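K.L.:
Structure of the sequence below:
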Amino acid sequence: MYIKILPTLVILTLLAPSHSFAKQSADSIVARIKARGANLVVQETYRNPAEWSSLMASIKSGDSAWLEVARLLSPGTDGSSAEELTVAAGDALENNPTDTLRILWPTFRLGMCQFLPDQTEPRYHTFKQAIGSLEKRLRKLRGVTTPNLVPARDACITELRSWRREVEQMYGK
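P.N.:
Below is the predicted model:
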């Protein structure tokens, strides 16, 4: 009897939603997306704020494996999950602009180049912090010299520059 139950338990364990998402590797999440679909993985993860936050933080790191996760998750997002994923893609520009443009530009395009800081986040409490982050993105993007990424880089720089006035208004400057 136990021999018959064991394969079923193994299969159910592999297909069950993960409750330790933060500890999973990017490769294991890619496998989940491929096995279960982006919609289901987004729904499962978004329902657990700690898991979703951990996933967004991993994407913000700019690590190419996590950027690939973002690309694969994108079709499964909508509303606030899509917005948060786009913000994470934009934040990745500060850490690894070359891979972020290479992997995510075809999916997110100018959306990831927008900059509207959430003043409730400690990193954006002051105007100086927000403008510092915007300037860091611009500096990092200027360092992208890969010829096939230059058009995306330039478009992103132009978009980011257009947000400066909006940020100034947000902070009463």
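
K.L.:
then stretch 65-73 to PDB, C-alphas only?
P.N.:
Extracted C-alpha coordinates of stretch 65-73, given in PDB (Å, rounded to 0.1, in the frame of the first residue of the first chain):
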ATOM      1  CA  ALA A  65      18.500  34.500 -14.000                       C
ATOM      2  CA  TRP A  66      15.900  36.600 -12.100                       C
ATOM      3  CA  LEU A  67      15.400  38.900 -15.000                       C
ATOM      4  CA  GLU A  68      14.500  35.900 -17.000                       C
ATOM      5  CA  VAL A  69      11.900  35.000 -14.300                       C
ATOM      6  CA  ALA A  70      10.500  38.500 -14.700                       C
ATOM      7  CA  ARG A  71      10.200  38.100 -18.400                       C
ATOM      8  CA  LEU A  72       8.400  34.800 -18.100                       C
ATOM      9  CA  LEU A  73       6.100  36.000 -15.300                       C
END
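
K.L.:
and that stretch, which residues are buried?
P.N.:
Neighbour-count burial for stretch 65-73, with 16 or more other CB atoms under 10 Å as criterion, is recorded at 66-73. (C-beta placed from N, C-alpha, C; glycine too.)

K.L.:
Next secondary structure after the worst-scoring helix or strand of the chain on mean pLDDT?
P.N.:
Lowest by mean pLDDT, DSSP states H and E among the helices and strands of the chain is helix 2-15, with a mean of 45. Past helix 2-15, further along toward the C-terminus, the next helix or strand under DSSP states H and E is helix 26-36.
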